[in-house]
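Asks: sequence unknown, structure follows:
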DNA sequence: ACACAATTGGGTACTTCTACGGAGGTGCTT
DNA sequence: AAGCACCTCCGTAGAAGTACCCAATTGTGT
């Protein structure tokens, strides 16, 4: 996650050309409202799903893309992969509902330029845009914090790392046997963890656990 | 859902005093941005969860509350119950992500004044507010349509009514036995439906089905 | 009257999960 | 060194869900 050379260095007189991608018009309007008073920013387009986003990036060649993760058709992270695969030069700033450290890591690994939560303040958003436009990488305060101590992040149940890992797999509909195979441990061990998770969360059967996983942003 | 007498008739010279409730500041900003050009509207406060919403309704006595459903602490529908229980006079307009007919029905049953989806256009939103402020009831075009033919709503899997009902119960973590009890049918019948749901959706085990339920807005 | 879908219920055999119980090893903190 | 949390694994038993098969009833539309 080092400061990388911008793929398209922002000319310091040209405005930053911005593409907004979110499946909710209301959110896009919110972003517009926040940014329209900013100098040196120009919103050149909007998309409401990942597939459209890729197309528009290709057509409009924006300097910066603000990208939601959860969208129909094609999600934000997959869109990033596609954009990077096609070598379309632009900075990408992720704007997500979920403070899921896995998302953040994947986003960083894919070469995005920042990760914002949707409860971000106006000031933080404009700052993040400036940093991202210059090719830096910005994460929300709260997230940066939760990345430090890896655990705790958003977890009122005090699950351990292993338990969260297994809960994620359960929520994905995997069987204990599968999970055991993937983690290279015994089925009995998976059962133990599963049992511990149930006890900590009070989350009954697989369906209940899946809801809790979603609640924790592990979905 | 008949046209009911407004609990607080909107004086036609006084502006409508509006309280915005959504757990995402960004969405609140979007609403603000859309409404600030409107005449006869005054945003007097914001809240980011249901509990705070109830408190603010009591303190500020708004004419109209725009209320999200999915929020931490206390969800929107529960907040409506509380507001109605305390007999706080105000119109309530639900603004939700989900076009779930159950939500709409529950919202209508609780005496709200409308149900908007978050992908609502600016025009539709202002219209809905005007109608709601006068004590009417407004539903999004798309939703009104899906309420007609009860089925289909948002369901690419062609589930039947009964199957959706049972899927909802499964997602709630209920056991087949419980579901059978509540619906007063045999466990075997629940299994039959469950099996049909699995086949239609390809949704493997309980965890998978729960994810699909969430996807369909039945969570 | 007939076809069709939906709902209901069942048989059998198998897999998976759940609820108890116990235990050994590792690594960190005090 | 002792305590503690975490991860690992096991036994036994029963409950729950899954995968196949089947059929009767009801209602809807043609």
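Replies: Yep, that arrived. Quick caveat, the model's predicted, so the values are computed rather than measured.
Asks: mind listing what residue A:62 touches?
Replies: Neighbouring residues of residue A:62 by Cβ atoms under 8 Å, 6 or more residues apart in numbering or on different chains: A:17, A:18, A:19, A:44, A:45, A:56, A:90. Heads up, the C-betas are built off the backbone N, CA and C, glycines and all.
Asks: which pLDDT value goes with the residue lying closest to it once chain neighbours are set aside?
Replies: Distance criterion Cβ to Cβ, 6 or more residues apart in numbering or on different chains; nearest residue to residue A:62, sequence neighbours excluded, is residue A:19 at 3.9 Å. You'll see residue A:19 listed with a pLDDT of 95.
Asks: residue A:19: which element?
Replies: strand A:16-21 (DSSP states H and E).
Asks: so where do the helices sit in chain A?
Replies: Applying DSSP state H to chain A gives helices spanning A:25-35, A:50-60, A:76-85, A:101-109, A:122-133, A:141-148, A:161-171, A:176-183, A:187-201, A:206-215.
Asks: circling back: nearest to DNA strand C among the contacts of residue A:62?
Replies: DNA strand C lies nearest to residue A:56 out of the contacts of residue A:62, by Cβ to the nearest atom of the strand, at 38.9 Å.
Asks: and residue A:188, how many residues sit next to it?
Replies: 10 (other Cβ atoms under 10 Å in any protein chain shown).
Asks: measure the residue nearest in space to the middle of chain A to DNA strand D for me?
Replies: The centroid of chain A falls nearest to residue A:103 when counting by Cα atoms, centre = their mean (4.5 Å). With distances taken as Cβ to the nearest atom of the strand, to the nearest Å, residue A:103 is found 20 Å from DNA strand D.
Asks: could you do residue A:116 as well?
Replies: Note on residue A:116: its distance to DNA strand D, by Cβ to the nearest atom of the strand, is 29 Å.
Asks: what pairs with that residue across the strands?
Replies: residue A:95 (DSSP bridges).
Asks: residues from chain A in reach of DNA strand D?
Replies: Applying Cβ under 7 Å from any atom of the strand, we find that chain A lies next to DNA strand D at A:158, A:160-163, A:183, A:185-189, A:191-193, A:205.
Asks: next one, pLDDT for residue A:100 please.
Replies: In this model, residue A:100 is scored at 60, pLDDT.
Asks: now swap in the one 10 residues further on and tell me
Replies: For residue A:110, the model assigns a pLDDT of 71.
Asks: now swap in residue A:180 and tell me
Replies: pLDDT for residue A:180: 92.
Asks: how much space is there between it and residue A:213?
Replies: Distance check for residue A:180 against residue A:213: by Cβ to Cβ, to the nearest Å, it reads 18 Å.
Asks: more neighbours, these two?
Replies: More crowded of residue A:180 and residue A:213, by other Cβ under 10 Å: residue A:213, with 24 against 19.
Asks: residues near the closest residue to the more buried one other than its chain neighbours, how many?
Replies: Closest residue to residue A:213 apart from its sequence neighbours, by Cβ to Cβ, 6+ apart: residue A:171 at 3.4 Å. By the measure other Cβ under 10 Å, the count of residues near residue A:171 is 23.
Asks: out of the helices of chain A, flag the one nearest residue B:121.
Replies: Closest approach to residue B:121 among those is made by helix A:25-35 (6.9 Å; Cβ to Cβ).
Asks: how about the residue nearest to residue A:78 when sequence neighbours are not counted, what does it touch?
Replies: Distances taken as Cβ to Cβ, 6+ apart place residue A:50 nearest to residue A:78, at 5.8 Å, with adjacent residues excluded. Residues near residue A:50 by Cβ under 8 Å, 6+ apart: A:21, A:67, A:71, A:73, A:74, A:75, A:76, A:78, A:79, A:82.
Asks: that older thread, show me the contacts for the residue nearest to the centre of chain A.
Replies: Residues counted as contacts of residue A:103 (Cβ under 8 Å, 6+ apart) are A:69, A:77, A:94, A:96, A:115, A:217.
Asks: I'd like to know which helix or strand in chain A has the lowest mean pLDDT.
Replies: Lowest by mean pLDDT, DSSP states H and E among the helices and strands of chain A is helix A:141-148, with a mean of 47.
Asks: chain A against DNA strand C: which residues are in contact?
Replies: A:175, A:176, A:177, A:191, A:192, A:194, A:195, A:198, A:204, A:205, A:206, A:209.
Asks: columns neighbour count and pLDDT on top of those residues, output as CSV?
Replies: What follows is the residues of chain A next to DNA strand C, written out as CSV (neighbours: other Cβ atoms under 10 Å in any protein chain shown; pLDDT from 0 to 100):
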residue, neighbour count, pLDDT
A:175, 16, 90
A:176, 19, 91
A:177, 10, 91
A:191, 14, 91
A:192, 15, 91
A:194, 19, 90
A:195, 10, 90
A:198, 17, 89
A:204, 15, 80
A:205, 16, 85
A:206, 23, 87
A:209, 23, 89
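Asks: any idea which of those residues is closest to residue A:29?
Replies: Nearest member of those to residue A:29, counting by Cβ to Cβ, is residue A:209, at 36.5 Å.
Asks: burial count for the nearest residue to the closest one once chain neighbours are set aside?
Replies: Once flanking residues are discounted, residue A:209 sits nearest to residue A:203: 4.5 Å by Cβ to Cβ, 6+ apart. Counted by other Cβ under 10 Å, the residues lying close to residue A:203 total 21.
Asks: show the pLDDT at residue A:203.
Replies: Listed pLDDT for residue A:203 reads 78.
Asks: that one against residue A:214, yeah?
Replies: No - taking Cβ atoms under 8 Å as the definition, residue A:203 is not a contact partner of residue A:214, at 11.0 Å.
Asks: surely residue A:54 and residue A:84 touch.
Replies: No - judged on Cβ under 8 Å, residue A:54 makes no contact with residue A:84 at a distance of 10.4 Å.
Asks: tell me which of those two has more neighbours.
Replies: When neighbours are counted by other Cβ under 10 Å, residue A:54 and residue A:84 differ, and residue A:54 comes out ahead with 23 against 15.
Asks: chain neighbours aside, what residue packs nearest to the more buried one?
Replies: Leaving aside its chain neighbours, residue A:54 sits nearest to residue A:82 (4.8 Å; criterion: Cβ to Cβ, 6+ apart).
Asks: can you tell me how far the one you found is from DNA strand D?
Replies: The separation that residue A:82 has from DNA strand D, given Cβ to the nearest atom of the strand, amounts to 33 Å.
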